[in-house]
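Visitor: Sharing a model prediction with you, sequence too.
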Amino acid sequence: MYLSAGYNQHTMNGSPKTNLSDLYSDRKHTIVPNTVDEQTESDRSFDTSPFVVSLSVIAVLVVGLFLMAYAGYRVGTSQSKVVAATAMAREVAVQYDLASKNIDQGQYKMALERLEFVVNVAPDYSKAADLLYQTRAQLSTTAIPIIESTKAVVTRQDLMTSEERLDIISMAYSNQEWQNVISNVDMLKASGTTYDSDVVDGILFVALRNRGIQRIEVGDLELGLADLEHAEQITALDEVANQRRRWASLYQSASTFWDINWIIVIDNLNILHQIAPNFRDTSSKLWAARTLYGEILLREENYCLAEEQFAFALEMKPERSLNDKLIESVTNCDNEESESIE
């Protein structure tokens with residue numbers, strides 16, 4: 001009884017256990033609190049992870065958008081430079097081809113200006129420098145080496161931004177300094193910087209159009225016609241510009257064929273006298289052409305045609321010597337007609 005009671009009491013007081021299952025059961029219970037703490041930390045970590053993930057996604061998107069924008073900027077800048085370079089290369093090729101045609105037609109002053117533009121913009125353009133040298137020689141001017149100075153000009157252009165160049169162009173445009181406008185537009189196009197091509201071409205058109213008309217009015221017909229032809233490549237000319245171009249073309253054609261083909265000279269001057277009698281010396285030039293041609297016909301005994309020339313000349317300006325030649329032409333023409341009837 002004593003032993004039994006003692007055993008029970010010892011058991012109730014929690015005496016040590018030697019059974020492995022009992023030991024495991026005690027170990028298991030002692031671990032439970034730590035497991036609960038770890039689970040709580042895991043739950044707390046899981047609760048905050050969506051916020052972290054969101055921040056990470058936003059950061060990735062921002063970086064991605066920045067990289068895309070930068071790449072787009074680089075591509076856009078490259079494309080703008082390519083477009084500007086292509087437009088300038090096309091313009092250089094056009095001016096070189098037109099200069100070659102001018103040389104074939106003997107219009108060396110016009111060709112000279114075109115070739116100077118080509119060499120200033122593209123110093124290494126094939127054969128342009130040699131052709132410019134030959135053209136200057138044709139005009140009996142001093143052939144000045146220009147390649148090194150041209151390269152220096154192009155280098156200085158690179159130091160000026162498009163905004164600075166446009167400010168100069170705008171000021172020159174306001175002052176109607178057309179030569180300055182055109183020169184700076186050429187340099188802007190050659191610089192490779194970005195600019196609004198529509199706006200710049202519009203400015204260039206007005207400058208070329210106005211400089212062309214001014215040149216025609218002062219008698220520099222070849223260069224004036226070249227300006228108007230260049231302007232027309234940008235957009236159609238207005239009525240006034242087309243009118244001046246027609247006047248200059250008629251006058252220039254008459255000058256070209258002077259002493260070579262009097263019929264062409266008189267036909268062109270006669271048209272010009274009807275539409276613009278006060279254009280330069282059209283009236284006096286037509287009078288001289290009819291008089292000189294009449295004298296040639298008179299010497300060749302082509303009396304009837306000579307009569308026509310002297311009659312027109314006398315209507316424009318009476319002169320005693322012409323009246324005598326007219327009488328001579330009329331008399332001989334009548335005799336020829338009488339003889340032909342008989």
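Guide: Received it, and whenever you're ready, just let me know what you need.

Visitor: wait, isn't T235 in contact with L204?
Guide: No: in this structure T235 lies outside contact range of L204 using C-beta atoms under 8 Å: 10.2 Å. For the C-beta atoms, the positions are set from N, CA and C on the backbone; glycine is no exception.

Visitor: Low-confidence regions, the stretch 1-150 of the chain specifically.
Guide: Scanning the stretch 1-150 of the chain for pLDDT under 70 picks out the ranges 1-57, 59-88, 90, 121, 137, 139-150.

Visitor: same thing but at 80, please
Guide: Flagging of the stretch 1-150 of the chain using pLDDT under 80 yields the residue ranges 1-92, 94-95, 98-99, 101-102, 104-114, 116-124, 126-127, 129-130, 132-150.

Visitor: before we move on, back to that, more crowded one of T235 and L204?
Guide: Taking neighbours as other C-beta atoms under 10 Å, T235 and L204 compare with L204 leading, 24 against 11.

Visitor: Now name the helix or strand holding that one.
Guide: helix 197-217 (DSSP states H and E).

Visitor: So what touches that helix?
Guide: Contacts with helix 197-217, where a contact means C-beta atoms under 8 Å, 6 or more residues apart in numbering, come from 83-84, 87, 166, 169, 173, 176, 178-179, 181-182, 185, 188-189, 221, 223-228, 230-231, 234-235, 237-238, 240-241, 244-245, 247-248.

Visitor: how many other residues sit next to the nearest residue to F257 once chain neighbours are set aside?
Guide: Spatial nearest neighbour of F257, chain neighbours left out: I264 (4.4 Å); criterion: C-beta to C-beta, 6 or more residues apart in numbering. I264: 14 surrounding residues under other C-beta under 10 Å.

Visitor: Which secondary structure elements does the helix or strand hosting I264 sit against?
Guide: Counting by DSSP H and E, the element that carries I264 is helix 262-275. Applying 3 or more C-beta pairs under 8 Å, 6 or more residues apart in numbering; DSSP states H and E, we find helix 262-275 packed against helix 239-256, helix 282-299.

Visitor: What residues of the first one count as buried?
Guide: By neighbour count, with 16 or more other C-beta atoms under 10 Å as the criterion, the buried positions of helix 239-256 are A241, R244, R245, W247, A248, S249, L250, Y251, Q252, S253, A254.

Visitor: Run the angle between that helix and helix 197-217 for me.
Guide: Per axes from the mean of the first three to the mean of the last three C-alpha atoms, to 10 degrees, the angle that helix 239-256 makes with helix 197-217 is 40 degrees.
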